[in-house]
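Trainee: Please find the sequence and the predicted model below.
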Amino acid sequence: EDQVTQSPEALRLQEGESSSLNCSYTVSGLRGLFWYRQDPGKGPEFLFTLYSAGEEKEKERLKATLTKKESFLHITAPKPEDSATYLCAVQTGNTGKLIFGQGTTLQVKP
Amino acid sequence: GAGVSQSPRYKVAKRGQDVALRCDPISGHVSLFWYQQALGQGPEFLTYFQNEAQLDKSGLPSDRFFAERPEGSVSTLKIQRTQQEDSAVYLCASSIGLATNEEQFFGPGTRLTVL
């Protein structure tokens, strides 16, 4: 059974304190791994897609990396506005459906 | 430009009532998805449409859940005889093409509370 696990469930950082979020997955055939950001009361907002082991993508203070078993979302010098829930999802098969992890809720304090 | 919109944003239903949730995808998007998100959890897949064809409904939890997209644009998720366990946020997402390897754009969701 395809499965996605994110850790930690919650993370508190001081502004400027860099850290990483983990997404471990077991799937029968990975077509893509997606990172989304979700703010309270809103739908998920797309951040990155990674397709193959070794791939990296960056956007502002965020950098996503992918191996054959897991993905990391590195946050460099975070700011309070980076506070949100970060969701990881995998796509397998041909219908495009996403299988999500439970999310990591990040709080960045000034 | 306009994103994915959903209505109503909030719905309170008494147990046993039927509800209908609407999704307006981004204009021209071929693929449309429904997900269910329980409090503190990630979204869970319910069903997938490619234009008007429902190609995957493997995530619908019971036969009380029904979705349609008759003209390949607006979609409605209907829940009959609602139960307390149906309380969740229902998210709609659309993508421009056939969905594989494509970004999905999400709406704000409909928060359903069943009393």
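Mentor: Sure, I can see it.
Trainee: residues in contact with the residue nearest to B:G97 when sequence neighbours are not counted?
Mentor: Leaving out its chain neighbours, the residue that sits closest to B:G97 by C-beta to C-beta, 6 or more residues apart in numbering or on different chains is B:V30, at 5.6 Å. Every C-beta, even on glycine, is put in place using the N, C-alpha and C of the backbone. By C-beta atoms under 8 Å, 6 or more residues apart in numbering or on different chains, the residues touching B:V30 are B:50-51, B:72, B:95-99.
Trainee: now do B:L91
Mentor: The contact partners of B:L91, by C-beta under 8 Å, 6+ apart, come to A:43-44, B:6, B:34-37, B:43, B:106-107, B:109.
Trainee: Specify the local secondary structure of it.
Mentor: When classified by DSSP: H, G, I helix; E, B strand; the rest coil, B:L91 comes out as strand.
Trainee: which residues does it bridge with?
Mentor: Per DSSP bridges, the residues bridged to B:L91 are B:Y35.
Trainee: Also A:I99?
Mentor: With DSSP bridges as the criterion, A:I99 is bridged to A:V90.
Trainee: Return the backbone torsion pair for A:G103.
Mentor: Note on A:G103: its backbone torsions stand at phi 100, psi 160 [degrees, to the nearest 10].
Trainee: Relative to chain B, how far out is it?
Mentor: According to C-beta to the nearest C-beta, to the nearest Å, A:G103 and chain B sit 5 Å apart.
Trainee: Take the contacts of B:L91 and write them to TSV, including distance to A:H74.
Mentor: Shown next, in TSV, are the contacts of B:L91 (distance: C-beta to C-beta, whole Å):
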residue	distance to A:H74
A:G43	24
A:P44	19
B:Q6	32
B:W34	32
B:Y35	27
B:Q36	30
B:Q37	26
B:P43	24
B:F106	24
B:G107	29
B:G109	28
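Trainee: Sitting in strands, which of those do you find?
Mentor: Among the contacts of B:L91, the members found in strands (DSSP state E) are B:6, B:34-37, B:106.
Trainee: how about those residues in a markdown table, adding distance to B:I26 and pLDDT?
Mentor: Output for the ones in strands among the contacts of B:L91, formatted as a markdown table (distance: C-beta to C-beta, whole Å; pLDDT from 0 to 100):
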| residue | distance to B:I26 | pLDDT |
| --- | --- | --- |
| B:Q6 | 12 | 98 |
| B:W34 | 15 | 98 |
| B:Y35 | 16 | 98 |
| B:Q36 | 21 | 98 |
| B:Q37 | 20 | 98 |
| B:F106 | 11 | 97 |
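Trainee: now those as TSV including neighbour count?
Mentor: What follows is the ones in strands among the contacts of B:L91, written out as TSV (neighbours: other C-beta atoms under 10 Å in any protein chain shown):
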residue	neighbour count
B:Q6	22
B:W34	26
B:Y35	26
B:Q36	21
B:Q37	21
B:F106	23
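Trainee: for chain B, what spans make up the strands?
Mentor: B:5-7, B:10-13, B:19-24, B:31-37, B:44-50, B:53-56, B:65-68, B:75-79, B:88-95, B:105-106, B:110-114.
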